[in-house]
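Peer 1: How does the following fold in three dimensions:
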Amino acid sequence: MKGRNMTRWRDPAKDPRQEPKSNLITAEGAERLRGILDHLSRIKRPALSAKVGEAAALGDRSENADYTYNKKELNRVIARIRYLTKRLDELQVVDRLPADTGRVYFGAFVTLEDEDGEEMKIRIVGHDETDTAKRWISVDAPLAKALLGKSLDDEFTVAAPAGNTTYVITEIGYRDPARQAR
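Peer 2: Now for the predicted structure:
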């Protein structure tokens, strides 16, 4: 085992170099995680278990690449199921609009304008549902922290790797979780 690069999924929350993440999630984010957990538990894990059983029946496991690969994949899926089960128990689902929808809070869709007049649309979501392609940022991100509690036309500055950037909030919106559930 010495010198081998062992890879396995590890909970980023247990990394001492990282700040603890928030336990907030949108209703649709929680539903997506439950769907992933259900798929892994009911479909992926039984299929991999069957493949491991079939490969094990072929004989010598030490030289059986199919057995080794599927066994590692099964262990990875089991670890992910454990993590999702625990994480879903820890999460606090935000399933209602804030009292003041004129301010930026968790779940907000925000349009920002920088000093050059460039617009950027983002959404503030939980750590487990961030998506760079959609521009959904974690509530724990520096930009989100700077936005929380601000209102329309507020100006603020955020420290970025390329230097400080100043933004103005040009639009704030929310998706009503009660309407999503229907």
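
Peer 1: Help me confirm that Lys121 is found in a strand?
Peer 2: Yes. Counting by DSSP: H, G, I helix; E, B strand; the rest coil, Lys121 falls inside a strand.

Peer 1: Look up how far Asp114 lies from it.
Peer 2: 12 Å (Cβ to Cβ, to the nearest Å). Where C-beta positions appear, they are placed from N, C-alpha and C, glycine not excepted.

Peer 1: before we move on, what about Gly149?
Peer 2: 20 Å.

Peer 1: what about Pro46, helix or strand, and which?
Peer 2: helix 45-56 (DSSP states H and E).

Peer 1: Who are the packing partners of the helix or strand just after that helix?
Peer 2: Using DSSP H and E, the next helix or strand after helix 45-56 towards the C-terminus is helix 65-90. Helices and strands touching helix 65-90, by 3 or more Cβ pairs under 8 Å, 6 or more residues apart in numbering; DSSP states H and E, are helix 27-39, helix 45-56.

Peer 1: If we use 10 Å, what do you get?
Peer 2: Applying 3 or more Cβ pairs under 10 Å, 6 or more residues apart in numbering; DSSP states H and E, we find helix 65-90 packed against strand 24-26, helix 27-39, helix 45-56.
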